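Peer 1: Dropping the sequence and predicted coords here.
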Amino acid sequence: MASGIRLRWITVLLAQIALALNIAILVSVSLDLDWVRTRAAGGQFDEFPVAIRIIYLAMAIGTLLLMRFLGILYGEPTNRQRNVAKWLGLLFLLSTLTQLISRSPDERLNAIPAVIIAYAFFRASRAR
C-alpha cells in the first residue's frame, strides 16, 4: 500500500514539473524569447504575433490553475472533479498527438511532458 501512495505522489510531482515546464514555454512565447521559437506554434515564426502572445499568456494562467486542480485531485476529489480529470487527460492526450506530428523537432519534445500530464489526470480520475 505504501508503494502505491509513493507512486501516486511521484506521478503528481512529475506532472507538476511538466506543467511548470509548460508554463515556462507559454510565458516565454508571451515574452517573445528567442529560445522558444522552435518549441511553440510549429516553429514557424521568427517573431510571435501579438495575438498568439496574448493567447499563450492566457494559457499560462490556465496552466497555473491546472497545477492547483491536480493537487486537489490527489486529495479527496468529488465525482465531478474526477470526470473533469478524465476530460483533461483526453485533452492532454490529444495535445501529445498534436505535438508528435509537428514539423518542428523541438516541439515534438513537448509531447513528453504532455503525456506525463495526461497520465496524471487519467490516474487521478480513477482514484478512490
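Peer 2: Noted; the coordinates are in hand.
Peer 1: Find me whatever residue is spatially closest to Thr11, sequence neighbours aside.
Peer 2: Spatial nearest neighbour of Thr11, chain neighbours left out: Ala120 (5.1 Å); criterion: C-beta to C-beta, 6 or more residues apart in numbering. To be clear about C-beta, it is placed using only N, CA and C from the backbone, and glycine gets the same treatment.
Peer 1: Mind checking what secondary structure the one you found has?
Peer 2: Under DSSP: H, G, I helix; E, B strand; the rest coil, Ala120 falls in the helix class.
Peer 1: so where is the chain shaky, pLDDT-wise?
Peer 2: Low-confidence segments of the chain (pLDDT under 70): 1-5, 128.
Peer 1: where do the helices sit along it?
Peer 2: For the chain, the helices defined by DSSP state H occupy 2-30, 50-73, 79-100, 105-108, 111-125.
Peer 1: how about the ones you listed, which one is nearest Gly42?
Peer 2: Smallest distance to Gly42 across these (C-beta to C-beta): 6.4 Å, for helix 105-108.
Peer 1: In contact with the closest residue to Met67 other than its chain neighbours, which residues?
Peer 2: The shortest distance from Met67 to any residue other than its chain neighbours is 4.9 Å, reached at Leu19 (C-beta to C-beta, 6+ apart). By C-beta atoms under 8 Å, 6 or more residues apart in numbering, the residues touching Leu19 are Thr63, Leu66, Met67, Leu70, Pro113, Ile117.
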